[in-house]
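[1] return a 3D structure for these sequence lines:
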Amino acid sequence: MSKVVYRKNGGRRRAGYPLLVLCAVLLFGFSLVNIVWPKRTQLELENRKAAQLPAFSVSALLDGSWQSGFARWMQDQFSLRDAAVNTQRAADEVLFRKAEEGGILLGKDRWMFTKLFTVDDATRKQLAKNVQAVSEFAANHPGKVTFLLAPSASVIYPEKLPAGAFNISRWSGGTTTELFIWPHGASYAERRFSIRISTAKVDIAESTFTKLPGVTRYIAPLGDGFTLKIGQNEPEFIPHAAVKRFDGGEDVTCAGAGRDLNLMLSGAAGELIMIKPNERHIVRQAEFLFAYAVQDCRISVGSVQMNTENGEFLRIYADAGETVTASGEAGLFYAQP
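    Now for the predicted structure:
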């Protein structure tokens, strides 16, 4: 009969808790690196001031303010923070398709935007106070004050916004995606806007457009086209990529489903132009010039070329007289407040 012999380890001790030791080394090692890591006063990646180490006091310790300040300091000052933020952002975008993080919109090419596209009541009241203060200061120092109001990044670089950043609203015939609205703080729902650019999806065979008195509208079908009946006029078929201009205050009914581009102007000048593949367009003078890619294509402005995807919306910076071409179908929006 075979025997099984159990032998002890000969009195030798195994290495105790290797995982615990490794964790302790990593924890204390990381803490030591954080202590000697150079401290910053500004977080360039987030364009804000970095939290500083709070002054210690017994009263602050007892009321919890010192602990809160210390936690903010550790959060802002830990080593390799920018690399960690970029890594997390890339993972959120690529793996989880996240477009927002803590009120910050995660845009294309690692751009970040604040989500505030409109001004709430509290901000509007503070804005009025700020304007009054600047006006009084300028009045007290005539000829010596220059004031610059910088627009938000989302207005200057809308092409860098994530796809889910645009306002999507429903109307009687389908949905509308707002691509651009001007001025800052404007509201389509309250009919307070000068310029509005959008795409619409018509889901039903017959629909009625929203009446917008005082608004000049441009519309261009992106599908097979549809028939519009404007006011007392006879129904008119608008084919694919043709542009129709009409008074937003008229009664308008639409026969046909599909997608379209829209430009609305209230007290502003502008125009919607559709360009065919490889068609050359000479740029005119305007405050705003935007392009919308109807299909995947390469848009060229002079010698600068940009590869765009279907549905991509971007602002174009070009001088009057320059040439714009696209390898596919695209819409150009001119607007002058």
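[2] state the phi and psi torsions of the residue lying closest to residue 268 once chain neighbours are set aside.
    Nearest residue to residue 268, sequence neighbours excluded (C-beta to C-beta, 6 or more residues apart in numbering): residue 194, at 4.6 Å. Quick note: C-beta positions are derived from backbone N, CA and C, even for glycine. Per-residue torsions, residue 194: phi -110, psi -40 (degrees, to the nearest 10).
[3] what do you get for residue 138?
    Backbone torsions of residue 138, given as degrees, to the nearest 10, read phi -70, psi -40.
[4] report pLDDT for it.
    Note on residue 138: pLDDT of 89.
[5] try the one 3 residues further on
    pLDDT, the model's per-residue confidence, is 90 for residue 141.
[6] that one: neighbour count?
    Other residues near residue 141 number 9, with proximity taken as other C-beta atoms under 10 Å.
[7] ok, residue 300 - how many residues close by?
    The local packing of residue 300 (other C-beta under 10 Å) involves 16 other residues.
[8] and the gap between it and residue 278?
    As for residue 300, its distance to residue 278 is 10 Å (criterion: C-beta to C-beta, to the nearest Å).
[9] between these two, which contacts overlap?
    325-326 (C-beta atoms under 8 Å, 6 or more residues apart in numbering).
[10] right, and residue 206 touches residue 257 too?
    No - checked against C-beta atoms under 8 Å, the pair residue 206 and residue 257 is beyond contact range at 9.2 Å.
[11] re the thing from before, please name the residues that touch the residue nearest to residue 268.
    Contacts of residue 194 by C-beta under 8 Å, 6+ apart are 182-183, 186, 265-268, 337.
[12] kindly recompute the last result at 7 Å.
    182-183, 186, 266-268, 337 (C-beta atoms under 7 Å, 6 or more residues apart in numbering).
[13] just the ones in helices from these, please.
    In helices, defined here by DSSP state H, there are no members of the contacts of residue 194.
[14] now, which of these sits nearest residue 132?
    Relative to residue 132, the closest of the contacts of residue 194 is residue 183; by C-beta to C-beta it sits at 19.1 Å.
[15] mind giving me the ChimeraX select for the contacts of residue 194, buried ones only?
    Buried subset of these, written as a ChimeraX selection, criterion 16 or more other C-beta atoms under 10 Å:
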select :182,186,266,268
